[in-house]
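Asker: This is a predicted model, with the sequence first.
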Amino acid sequence: MHSTYVLYNIVPLAFLILLVYIFIDVLLDYFRKVEKSAKKRVMLYSSIFYVISLVQIKLGGFTLPQNPADNIRRFISTNDWFGIFDTMHFNISIWSYSALFYNVILFVPFGIFLLLLFNLKSNKKAISMVILGCLVIDVARLLLGWSGFTITISNFGNKDIIYLLFNVLGGVLGIFLVKYAVNYIHSYKLNNQTKIEE
């Protein structure tokens, strides 16, 4: 028995909802007593879009619930635009050395946004949050694949554990990139200030 179902790319719809949210947020600034800074606003909006993209890439799109008895599945894709996310999902899902690299790069912004948005001072707390975030994403992928809501596999193998470790590595790399950049900027300003005083 064939089961025909639609594969939904969430990025276009979520992006439109994000645009509406941005418009409302900017509009509400006229009525607020305290305005948000432009830096914080850009950081928040870009982090939301990153999370939307990350969910699409890791899960590969959402489908309608399927009949578990169906052995063969036929896809009708709604991939009209933002098709790059489907290509990226394919590239991070297959077993290859480039997939390991993609899994690291994919989570570098995760560590960066985590540190900048929550202003975490402790390295242990930041790394713990990266590990927790990566575990939540993989458990969600596993559960949604098992229930038939996504095209991802419903079992967890050695490849997935290795990819999870590389995801964590990418997030930790993002944290240390921010820490290094902040320390470098701070020392640069300090050196300039001492030169001016001399």
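Answerer: Nice, thanks for sending it over. Because the structure is predicted, anything quoted here is derived from the model rather than measured.
Asker: drop to CA atoms for contacts and neighbour counts, all remaining ones
Answerer: Noted.
Asker: Compute the number of surrounding residues for residue 89.
Answerer: Residue 89 has 21 neighbours, counted by other CA atoms under 10 Å.
Asker: Residue 124 too?
Answerer: Counted with other CA under 10 Å, residue 124 comes out at 10.
Asker: Can you tell me the element it falls in?
Answerer: Secondary structure assignment for residue 124, by DSSP states H and E: helix 123-147.
Asker: quick one: buried residues of the very next helix or strand once past that helix?
Answerer: Moving toward the C-terminus from helix 123-147, the next helix or strand (DSSP H and E) is helix 158-197. Neighbour-count burial for helix 158-197 flags 163-179 (criterion: 16 or more other CA atoms under 10 Å).
Asker: And residue 181, how close does it get to residue 107?
Answerer: Distance of residue 181 to residue 107, given as CA to CA, to the nearest Å: 18 Å.
Asker: Just checking, which helix or strand of this structure averages the lowest pLDDT?
Answerer: strand 72-77 (a mean of 51; mean pLDDT, DSSP states H and E).
Asker: could you measure residue 110 against residue 13, distance?
Answerer: With CA to CA as the criterion, residue 110 and residue 13 are 22 Å apart.
Asker: of the two, who's got more company?
Answerer: residue 110 (25 against 11).
Asker: Assess the claim that the more buried one and residue 176 are in contact.
Answerer: No. If you go by CA atoms under 8 Å, residue 110 and residue 176 don't touch, sitting 11.9 Å apart.
Asker: and the gap between residue 37 and residue 47?
Answerer: Going from residue 37 to residue 47 by CA to CA gives 15 Å.
Asker: Neighbour count: those two, which is higher?
Answerer: residue 47 (18 against 8).
Asker: which residues of this protein score low on pLDDT?
Answerer: 1-6, 33-35, 64-83, 151-155, 195, 197-198 (pLDDT under 70).
Asker: No more questions from me, cheers.
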